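Chemist: need a structure here:
(chains A, B and C)
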Amino acid sequence: MYDFAYHKPTSVADAVKILSADPDARPISGGQTLLPALKHRLNKPTAVVDLSGIAELKGIRRDGDKLIIGALAKHHEVAENAEVKAAIPALAQMAGTIGDTQVRNRGTIGGSVSNNDPAADYPAAVLGLGATVVTDKRRIAADDFFQGMFTTALEPGELLVAIEFPIPEKAGYAKMRNPASRYVMAGAFVAKTKSGVRVAINGAGPCVFRQADMEKALTANWSPDAVAGIQQSADGLNGDIHGSAEYRAHLVTVMAKRALANAG
Amino acid sequence: MPQVTLTVNGTSHTVEVEGRTLLVELLRENLRLTGTHIGCDTSQCGACVVHVNGDSVKSCTMLALQADGAEVTTIEGLAKPDGTLHPMQEAFREYHALQCGFCTPGMVMSAIDLVQKHPQGLSEKEIREGLEGNLCRCTGYHNIVKAIAAAQEVMHGRRAELAPAAE
Amino acid sequence: MNVVTPFEGIGASVKRKEDLRFLSGRGQYTDDINRPRQTYAYILRSPHAHAAIRGIDLAAARAMPGVVAIFTGEDMKGIGGLPCGWQIHNKDGSPMAEPPHPVLAQGKVRHVGDSVAVVIAETKAQARDAAEAILVDYDVLPAAATMEAALATGAPQVHDGVAGNICYDWHIGDPAVNAAAFQSAHKVVEFELVNNRLIPNAMEPRAAVGDYDPTTGDYTLYTTSQNPHVIRLLMGAFVLQLPEHKLRVVAPDVGGGFGSKIFHYAEEAIVTWAAGKIARPVKWTADRTESFITDAHGRDHVTKARLALDANGKFLALHVQTLANMGAYLSTFATSVPTYLYATLLAGVYTTPTVYAEVKAVFTNTTPVDAYRGAGRPEATFLLERLVDVAAREMGMDRVEIRRRNFIPNDAFPYQTPVALQYDSGDYVATLEQALESSGWASFEQRRAEAKARGKLRGIGISTYLEACGIAPSAVVGALGARAGLYEVGTIRVHPTGSVTVLTGTHSHGQGHETTLAQLVTDRLGVPLAQVDIVHGDTAKIPFGMGTYGSRSLAVGGSAMVKAMDKIVAKARKIAAHLMEASVEDVEFDRGTFRVAGTDKTKSWGEICLTAYVPHNYPIEEIEPGLDETAFYDPKNFTYPGGCHICEVEIDPETGKVDVVNFTAVDDVGRVINPMIVEGQVQGGVAQGIGQALLETAVYDEAGQLLSASFMDYQMPRAEDLPPVSVATHTTLCTHNPLGVKGCGEVGAIGSPPAVINAVVDALQDYGVRHIEMPATPAKIWNIINAGHKLAAE
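Modeler: Presented below is the predicted three-dimensional model:
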């Protein structure tokens, strides 16, 4: 790791001030993605801004038909939170399978969503549920938020504050893990929401994406059988030593079926 | 240099560190608590697991400064002052759940957290899943799983003493 | 002296003496050692698989904060290269190609990770910071990243003067007899397979601390080694030219080895030499990424085989042609692995009358390959046990029956194989029967049907295997090219009050020697386990030793201890005879008590020990005071553990994921000293075997970059990847060592991979699969199933 200055502000305003003043400063919450990257000297921040002391970023609460999760909510908190379990059990279940126990004890939803790793879990829930990303400046719809591999609509210095999840009628998630890293090889988050059926696919491509054919089929018939015959095109999907794009395309259908079975 | 103040195994320490100093480096290099090991650089092997405020974390993936004000427990802090082992340490010995011993401190710390978070008890499958953040190259995990299954009975007060391993 | 409970001796599952320190965080591994005024080394490594070094600019790096010294190959020009410990000869009798293996690159780098320069600084971070400021001007050359690429016409030359990148072209067996046997065959089964390349990944990364005292000229090296005396010999005599009395090598607690810590590595020489140069201690610890590209890898064979059978399924002849990857340089024992540790095993447990094997060893621009748990024997076993299954299928025979028909019968021992070895004992039917019984082999089809109803493909596989370990005798291995003896050393130091310190030349890095070896003493001398300490891993304390590998510690090291204890008992009986005024011939000794035969005259162990050191009433004319004996034991033969492994798998046809649902191992490891430890060794070995079969593989791209260079891409077995492993033993005694022991460290890794793959192939029987290369990953299985579906649809 290269050395850096360390700041621990206690308000969003202070954090944004530091981050805006120094384009090479990086925010850190759980650090489960940032620190391994820094250890390999993959980037060289001048300063690290620890967000963990900012009360505004904390908390999980239900507000009518929405579940609002603060950016600093750790994966294990989401997994075990009674409100989450009651409102969106698929989200709690997903949170309980991210990384490993120790990652879940440190990693946060804000960090994961801001990072937008193609093989991360949370982006599938955010996109699949049609959530709204709340930042210190604005509100961004999930459909506009995830823009490409490790790329989001967040501007430099802009901080993710919370995520508002509409509570769905039904939702389910299933994934195949990369056998080595245990990140997502292919996953599917399916949801029946007030605004319609949504299917988000993670792991398989360079960025989480919606599967329109499946959404259409499920709108007509919400069941695993409805997606069983839908083949995901392998074009543009990831291929590596763990599996080809064709294999991942196949897994998309399998995981969608299983996500539906989980959703009930 | 910035300072960090934290309590390790019940003793308060104030240490000067760099911004980049990891918690595991503070433990091993500054406090000379070398029971916590480093086995990888991708946050996967779990040899460095310690408890921070009661939760198991990978001390190689946490800045020392992030532990400011925290209560940290390492493998050195588990046994009672009179040398009585924690039931998990005792179970690892009874069930031959260690060979080279390198993954053992992290494995024990993870196992304790796992059991503490599941007062209703864990099945063999749940124990295996719960060890996903720890790698062992020696044992094939067979005896680690058995040790944890036995230790949880003592830790949750369902047995007064550890069930002996079958001959 | 306390009365000894019989439960601490041979056969008792006593808890391990070493556990308390490991469980308390008090183990002392190499990276835990810190010396006063210590500096830290960071090694700048080649990012290229093959490149010429045009120049190295150190100016900026030298100016970096905390830098103490920087050395490159230029500074180490006069230093010897890393030696290879086993010389193989070609078919024509000429010696193998043995190109130099410089400690720091001399003008050229030959694999990603090759060491180019070492930076020594006040802190580890400063050393790394400065290393990044070194400018190396590389002329990148085409790389021979695979054996296929290295053997192609016009391939890049890994070493000048090694034509065609062939290290050696060796053979064993009689080609004429072999060819003739194929003429009379009813059927010839032809088969090709790969033994996949593995990365050992002991959980403790390698580390080394060099120390030098300029006032005495004494060097000390603390290192993560399985054999400190071997390192002292190789590094002292061949690399740094340091005499043994000025070089101490300490291998303290070592966090797993599995073979990868046998070898003498460049970093050991670098820190020792550099400590002398700067007269300060130098510490180096690998990070995991460095381990992936610098620890010697394992396996990596490509093999073609032909098996001739008669109409009854009896094996008539076996012909094997293997290409073995050496990597970029010859690691310490690399050359012996695909020859004397591989081809000599190709008879397996079968009566095949003629075996002829040809092995070509190939240089490539990859990390060196050497012994990894099993070393050569897993490769041979995977080939044989897959081949036998394929033969059974193609002969229309039952998989178990074909094995039974070809087993070496119990009355054939000692059995001379056509490939040099003479097996002393075994009972292959017994281990087979026991494994069939406890695995529920007979009722498997019910489980297959039940799984099918759940949409899963279930399969069962078997492997009946044998290995050779406790490698030996020195004269024989010397004749075959070994440049070392393979004996072991044990000192039994009895103290005046009767407690015992054992100095052993073997080394424990997880095996539990501090317990098992102490049990030998308790059993023989009657001293309670708590009063026996085992000391290992320090050349300053132990007379000599060859270390631990090849499942040799008990068979060879334990036998040395028995010899030394014989001397102790012989001397103690003389003292007892003197005290009891009897003739020595009449003095009996049994676990702590000396007795004049047929009388009630006795002397205790404690009395004799005290007398030996306080010799007031003592046969001083006849024997010296003291009770301290050393023995060197040179084995008469290898030992031959073997057994039967049965694996049951279930495949999810939608994802291709294979789950091992049952694993049964019944092994004959000779006499069992500590059943608990034996079970643990087998379970761990099986885990590595399952890892090889289903999860692990090293993958290089065409440019020689290692793609599976971290735990993110190299799948280590996790708890949930593995089943509970049922372990049992069936004992036949080794006939040529005093303990009757055979060894248990490698059986798990040797017997298991073919059992797993045989099970996977069995599960996929409806898809017309003949073979699946390891590891049988989900993607690979899905490809087979998907192709099968397409075939069915057409």
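Chemist: gap between C:Thr72 and chain A?
Modeler: 22 Å (CB to the nearest CB, to the nearest Å). In short, each C-beta sits where N, CA and C put it, glycine included.
Chemist: oh sorry, the question was meant for C:Met774
Modeler: Applying CB to the nearest CB to C:Met774 and chain A gives a distance of 14 Å.
Chemist: ok, now B:Gly54?
Modeler: Look at B:Gly54 and chain A: by CB to the nearest CB, they are 10 Å apart.
Chemist: quick check, that residue in contact with B:Glu71.
Modeler: Yes. Using CB atoms under 8 Å, B:Gly54 is in contact with B:Glu71, at 7.5 Å.
Chemist: close to chain C: what parts of the stretch 51-200 of chain A are there?
Modeler: Contact residues, the stretch 51-200 of chain A versus chain C (CB under 8 Å from any CB of the partner chain): A:176, A:179-181.
Chemist: which of those tops the neighbour count?
Modeler: The residue in those with the most neighbours, by other CB atoms under 10 Å in any protein chain shown, is A:Met176 (26 neighbours).
Chemist: okay, now the unreliable bits of chain C?
Modeler: Within chain C, the segments meeting pLDDT under 70 span C:1-6, C:790-794.
Chemist: give me the nearest residue to whichever residue of it sits closest to chain B, chain neighbours excluded.
Modeler: Per CB to the nearest CB, C:Gly25 is where chain C lies closest to chain B, at 1.9 Å. Using CB to CB, 6 or more residues apart in numbering or on different chains and skipping residues adjacent in sequence, the residue nearest C:Gly25 is B:Gly35, 1.9 Å away.
Chemist: ok, now which ones touch C:Gly485?
Modeler: C:474, C:477-478, C:546, C:634 (CB atoms under 8 Å, 6 or more residues apart in numbering or on different chains).
Chemist: ok, back up a step: which ones among the residues of the stretch 51-200 of chain A next to chain C are found in strands?
Modeler: Within these, residues falling in strands by DSSP state E are A:Met176.
Chemist: for the residue nearest to A:Gln211 when sequence neighbours are not counted, give the beta-bridge partners.
Modeler: Counting by CB to CB, 6+ apart, A:Gln211 lies nearest to A:Val199, which is 4.3 Å off, once chain neighbours are set aside. Judged by DSSP bridges, the bridge partners of A:Val199 are A:Val190.
Chemist: look up how far C:Asp566 lies from the residue nearest to C:Gly25.
Modeler: 41 Å (CB to CB, to the nearest Å).
Chemist: the more surrounded of those two?
Modeler: Using other CB under 10 Å as the criterion, B:Gly35 and C:Asp566 rank with B:Gly35 on top: 26 against 15.
Chemist: of all of the stretch 401-550 of chain C, which residue lies closest to chain A?
Modeler: The nearest approach of the stretch 401-550 of chain C to chain A comes at C:Gly455, 11.8 Å away (CB to the nearest CB).
Chemist: quick one: contacts for that residue?
Modeler: Counting by CB under 8 Å, 6+ apart, C:Gly455 has contacts C:653-654.
Chemist: isn't the residue nearest to A:Gln211 right up against A:Ala188?
Modeler: Yes. Between A:Val199 and A:Ala188 there is a contact under CB under 8 Å: 6.4 Å.
Chemist: quick one, strands of the chain?
Modeler: Just going to use chain A. In chain A, the strands defined using DSSP E lie at A:5-7, A:25-28, A:47-50, A:60-63, A:66-70, A:132-135, A:139-141, A:146-148, A:151-152, A:160-166, A:170-177, A:184-193, A:196-202, A:209-210.
Chemist: correction: the question concerned chain B.
Modeler: B:3-8, B:11-16, B:49-52, B:55-58, B:71-73.
Chemist: got it, and the stretch 551-700 of chain C?
Modeler: C:587-590, C:593-596, C:602-604, C:628-633, C:642-651, C:658-668 (DSSP state E, counting those that start in this stretch).
Chemist: for the longest one, name the packing helices and strands.
Modeler: When you say that, I think you mean strand C:658-668. With contacts taken as 3 or more CB pairs under 8 Å, 6 or more residues apart in numbering or on different chains; DSSP states H and E, strand C:658-668 sits against helix C:428-439, strand C:642-651, helix C:675-690, strand C:725-729, helix C:747-763.
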